[in-house]
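>>> Sequence first, predicted coordinates after that:
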Amino acid sequence: LTLICGAAETLPDVAWFKRRLVERFAATTTVQADFVQTRHLKKLSVEITTTGDFAVEKGGRMAWHVRDPLHYLCIISTSGITQWDADTGKILTVSAKKIPWLKLVYNNFISWLTADIAEIERHYDIEVAGSQRLRLMPKDDFFKTYVTAVELEFDQNYKDIQKLILEEKSGDEIRIEFRNIKRNEVIAETKWQIPPPSKNI
């Protein structure tokens, strides 16, 4: 039967995965990459794709720059969010005091992008979903309201996160694929500039 069907895949256990991620990501201080984000709207059977790039400082700021088909830049930190819109040229700044859930969302996103396993464990139950994939089920009541699970897919050497999948309670799904990943490189100050310099637009 094995010869006909092939041997079943032997998956690593959660403890093995944790050790590997600590080895690979514990020293991570910054991450930069290009992304392709696809949002699947279940009720409409529609997919919306956006592309751009991001930069994140572990314990610091995150810049999320969407370039196509919309064009805007968000700078997010524990103190609040600032967004620049290319079409209108308007800049909107909102304090974290007015968005009580921002810190939780921000901390979760930072922990996903940097594969901070200690921080992930604080907020999620962890399962192994594949030889290079973890499935995270939220513990926080706020996230449980909106999110069923988050999946992180790593490259073969567990050096980088290649894909992030967010499954929403509504049945919608967000899939983000990362390319040209750079870790622990100095982030140019222009990444945090709003509006961005013309050469970065």
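Right, received. Where do you want to start? Numbering: from 1, shown residues only.

>>> what comes up buried for the one helix or strand residue 143 maps to?
In this assignment (DSSP states H and E), residue 143 forms part of helix 141-146. Along helix 141-146, the positions that meet the burial threshold by neighbour count (16 or more other Cβ atoms under 10 Å) are residue 143. In short, each C-beta sits where N, CA and C put it, glycine included.

>>> Of all the residues in whatever helix or strand comes next after that helix, which ones are buried?
Elements were assigned by DSSP H and E; along the chain past helix 141-146, the next helix or strand is strand 147-154. By 16+ other Cβ under 10 Å, the buried positions in strand 147-154 come out as 147-154.

>>> Which other helices and strands does strand 147-154 contact?
Secondary-structure packing of strand 147-154 (3 or more Cβ pairs under 8 Å, 6 or more residues apart in numbering; DSSP states H and E): strand 124-130, strand 133-138, strand 161-168.

>>> Pull that strand out as CSV, backbone CA atoms only.
Written as CSV, here are the backbone C-alpha positions of strand 147-154 (Å, rounded to 0.1, in the frame of the first residue of the first chain):
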residue,chain,number,x,y,z
VAL,A,147,-10.6,35.6,13.4
THR,A,148,-10.9,31.8,13.2
ALA,A,149,-7.2,31.1,12.6
VAL,A,150,-3.9,32.4,11.3
GLU,A,151,-1.5,30.2,9.3
LEU,A,152,2.2,31.0,8.9
GLU,A,153,4.1,29.1,6.1
PHE,A,154,7.9,29.1,6.2
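
>>> okay, the helices and strands packed on strand 147-154 in CSV with mean pLDDT and mean neighbour count next?
Formatted as CSV, the helices and strands packed on strand 147-154 follow (pLDDT from 0 to 100; neighbours: other Cβ atoms under 10 Å):
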stretch, mean pLDDT, mean neighbour count
strand 124-130, 95, 16
strand 133-138, 95, 19
strand 161-168, 95, 19
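
>>> where does residue 195 fall, phi/psi-wise?
Backbone geometry at residue 195, expressed as degrees, to the nearest 10, gives phi -70, psi 160.

>>> possible to save the buried residues of strand 147-154 as JSON lines with pLDDT?
Compiled in JSON lines, these are given as follows (pLDDT from 0 to 100):
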{"residue": "147", "pLDDT": "93"}
{"residue": "148", "pLDDT": "96"}
{"residue": "149", "pLDDT": "96"}
{"residue": "150", "pLDDT": "95"}
{"residue": "151", "pLDDT": "96"}
{"residue": "152", "pLDDT": "95"}
{"residue": "153", "pLDDT": "96"}
{"residue": "154", "pLDDT": "95"}
